[in-house]
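Asks: Need a 3D model of the sequence below.
(chains A and B)
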Amino acid sequence: MNIHLIANHLNELADTSDTGFTFDSLPIAGDVDVLQVTISGREEIPIFVSVTDDQILCIAYLWGEEEVKQATRSEMLEAMIEMNIPMPLSSFSKIDDKYVIFGALSVTSSLHDVEHELSVLSDNSLEVINEMADYLL
Amino acid sequence: MSIFGKIITALRGGASEAGEAIVDANATRIFAQEIRDAENHLTKAKRDLTGIMAKQMQAQRELDRIKRSITEHEGYAVSALNKGDESLAMEVAEKISTLEVELSEQQASFDSYEKGAIRLKELVKGTERQLADYQRQLSMVKTTESVQKATAAITDNFSNSNSKLLNAKQSLERIKAKQQDFDDRLQASEDLADEGSDKSLKDKLAQAGIGEQQANASSVLERLKAKQG
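Replies: Numbering: from 1, shown residues only, chains lettered A, B, ... in the order given. Modelled structure (predicted):
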């Protein structure tokens, strides 16, 4: 599995997607190949896909530390940890000063699995921002 | 320190600055070498195990053969005694005694193969476990580094394209607005379709002379005549 296979699959999907979404993907050059995947209508929250030796990582940036209301920060963190298990397929993490939501798949996953992962991750990210809005500036 | 501990320390300590490795490249190389060594040990242990298990099976067959031969000769000895041939019985008894010595020797080598096989199986399991653990730890290092590099690429991409990642709430509002717009358009087109079907029904009814009729010249004239009275 590599990001180009994923990109081709998503771009060829068009109307045959069974997630109801239209995907657009754009490879980003760098030390590690990253695919920026956007879902039509949700361009503001792209998903970044990278492939390592044993896993496919799909990451969406949620908010930065500077957007967090400091007074209720620990409450927010606790709520996020508690949501980690109930939230399907995705988990929370933090990269530098950015809170993220991510899903990790085995490199042996099918393209259909990747597509499903991306659609669930996108739904989760919108829902999380909606539900956590009170903790954010 | 464990790899897990090293990663936590590095991330907490802000070693996530671009270019700074979580675990230095040399340590990662040494680790990768340890994994290859463990893999080689495993291959060798598995080969040894196959060999020793084959020998164990051979020893088992030999044991069975000797045991059968002893039972058989015991039968001959009893028959010789029944016939009163004491010296023949003695000769058979000597043969049995030789077989019994052979049996105990064969049993000893079988036991030693069995012990060896058990020890090797434990070694294989232990090495497999260790290898899986090494691989998991190396995967942590590689993933952390890969995410750092990916983050650097993403950040570069955003600063180059001059577009900035929006604030979370703004993004959500914009997405919701687009969704609302889409829903509104969907609703509008549904309404339009409904009106369309309503209109075509009216036309059909009119054609059939049912419902509100269009005024025509003769009906107007009738109405005027009626007014004149």
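
Asks: Spit out the contact partners of whichever residue of chain A sits closest to chain B.
Replies: Relative to chain B, the nearest point of chain A is A:Gly30 (2.6 Å; C-beta to the nearest C-beta). Yep, even glycine has a C-beta here, placed from its N, CA and C like the rest. Neighbouring residues of A:Gly30 by C-beta atoms under 8 Å, 6 or more residues apart in numbering or on different chains: B:149-150, B:152-154, B:156-157.

Asks: Show me just the buried residues among the residues you listed.
Replies: B:149-150, B:152-154, B:157 (16 or more other C-beta atoms under 10 Å in any protein chain shown).

Asks: Lowest-confidence one in those residues?
Replies: Among the buried ones among the contacts of A:Gly30, B:Asn157 has the lowest pLDDT, at 76.

Asks: Dump the buried ones among the contacts of A:Gly30 into a markdown table; add distance to A:Lys98 and secondary structure as well.
Replies: Listed next are the buried ones among the contacts of A:Gly30 as a markdown table, based on distance: C-beta to C-beta, whole Å; DSSP: H, G, I helix; E, B strand; the rest coil:
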| residue | distance to A:Lys98 | secondary structure |
| --- | --- | --- |
| B:Lys149 | 16 | helix |
| B:Ala150 | 12 | helix |
| B:Ala152 | 13 | helix |
| B:Ala153 | 14 | helix |
| B:Ile154 | 10 | helix |
| B:Asn157 | 15 | helix |
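
Asks: Where does B:Asp181 fall, secondary structure wise?
Replies: helix B:168-207 (DSSP states H and E).

Asks: ok, that helix near chain A or not?
Replies: Yes: on the criterion C-beta under 8 Å from any C-beta of the partner chain, helix B:168-207 is in touch with chain A at B:168-172, B:174-175, B:178-179, B:182.

Asks: Verify the contact between A:Asn84 and A:Ser91 for me.
Replies: Yes: look at A:Asn84 against A:Ser91 with C-beta atoms under 8 Å: they come within range, at 5.2 Å.

Asks: More neighbours: which of the two?
Replies: A:Ser91 (16 against 12; other C-beta atoms under 10 Å in any protein chain shown).

Asks: Flag every buried residue along the longest helix seen in chain A.
Replies: In chain A, taking DSSP state H as the definition, the longest helix is helix A:111-132. Neighbour-count burial for helix A:111-132 flags A:114-126, A:128-129, A:132 (criterion: 16+ other C-beta under 10 Å).

Asks: same check, this time on stretch A:97-104
Replies: Residues of stretch A:97-104 classed as buried: A:98-104 (neighbour count, 16+ other C-beta under 10 Å).
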